[in-house]
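Chemist: pasting the sequence and the predicted model now:
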Amino acid sequence: GGGAGARGAGGAGGTPPGFEDLLDGIFGQGGPGAGFGGGPSRPRQGADVQASTTLDFTTAAEGSTTTLRAGDGTTVTARIPAGVRDGQKIRLRGKGASGGPGVPPGDLVITVAVRPHPVFTREGDDLRVTLPVTFAEAALGADVEAPTLDGGTVRLRVPPGTPSGRVLRARGRGVTTAKRTGDLLVTLQVVVPQRLSDEARAAVEAFAAATSGDDARGDLLRAARGASSSGARS
């Protein structure tokens, strides 16, 4: 009785016959309220699949194609872009689980781990390296070669009187990403020889005698005393 009248054409507040089937075809099972409390809805795409891979430092910087096993047990070949960072997640569209008929597949989400490099460290898109130089090179100045990530070298000019810890920049020798190319930052480290020949010892002693009036720590000690005096007065 009443139920049939509510569904029939012209019934008060009723829906024309067959209209529910039309809504189902447009909005999916459950009509226009599906997904908003009105009933179950069809998924927009298949489920994402998680995977992980570990790359060498150089491989991560240059990019590579790798084969890995996803979380659902499938084997996937994926292109890792150049410049990927340790811990970065990469999303490959449409490489996830099947969504079924008429539903696009999900995505593959790869978490990348990068092994440390024995020489280089990364700072954003820049690379850092510590380069040993001799006392003579730092004191007199010299042209030196620093290693680059691709296995080559870059030539740098060390100005005369360069202290240990000075940073030289080789532009464009860092990590290349889709957005930019970083630089190579070279920190100079003056090396003190562990053993000296008689000739070298004589030369160092002669240098020490020639510079005996220099005070390498004078400025530091005066600054420390000045700070202590200011603290005592406050």
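Modeler: Yep, that arrived.
Chemist: which secondary structure state does Ala136 sit in?
Modeler: Put simply, Ala136 is helix when judged by DSSP: H, G, I helix; E, B strand; the rest coil.
Chemist: do Glu145 as well
Modeler: Per three-state DSSP, Glu145 ends up strand.
Chemist: contact partners for it?
Modeler: Shown in contact with Glu145 (Cβ atoms under 8 Å, 6 or more residues apart in numbering): 153-156. C-beta coordinates here come from the backbone N, C-alpha and C atoms, glycine included.
Chemist: and which of those residues is nearest Ala203?
Modeler: Leu156 (25.9 Å; Cβ to Cβ).
Chemist: and the closest one, what element?
Modeler: Element membership for Leu156 (DSSP states H and E) is strand 153-158.
Chemist: residues of the helix or strand following that strand that come out buried?
Modeler: From strand 153-158 onward toward the C-terminus, using DSSP H and E, the following helix or strand is strand 167-170. Using 16 or more other Cβ atoms under 10 Å as the test for burial, strand 167-170 gives 168, 170.
Chemist: so in that sheet, which strands flank the next helix or strand after strand 167-170, and in what orientation?
Modeler: Per DSSP H and E, strand 167-170 leads on to strand 184-191 as the next helix or strand towards the C-terminus. Strand 184-191 sits in its sheet next to strand 126-134 (parallel), strand 167-170 (antiparallel), going by DSSP bridges.
Chemist: my read: Ile90 touches Arg79, true?
Modeler: No. Contact criterion Cβ atoms under 8 Å: Ile90 and Arg79 do not qualify, at 9.1 Å.
Chemist: which other helices and strands does the strand holding Leu156 contact?
Modeler: Judged by 3 or more Cβ pairs under 8 Å, 6 or more residues apart in numbering; DSSP states H and E, strand 153-158 is in contact with strand 142-147, strand 167-170, strand 184-191.
Chemist: could you pull up the mean pLDDT of it?
Modeler: Averaging pLDDT along strand 153-158 gives 97.
Chemist: in that strand, what counts as buried?
Modeler: So, applying 16+ other Cβ under 10 Å, buried residues of strand 153-158: 154, 156, 158.
Chemist: once you drop chain neighbours, what's closest to the second one?
Modeler: Across the structure, with Cβ to Cβ, 6 or more residues apart in numbering as the measure, the residue nearest Leu156 apart from its sequence neighbours is Leu168 (5.0 Å).
Chemist: before we move on, what about Gly174?
Modeler: Gly182 (2.7 Å).
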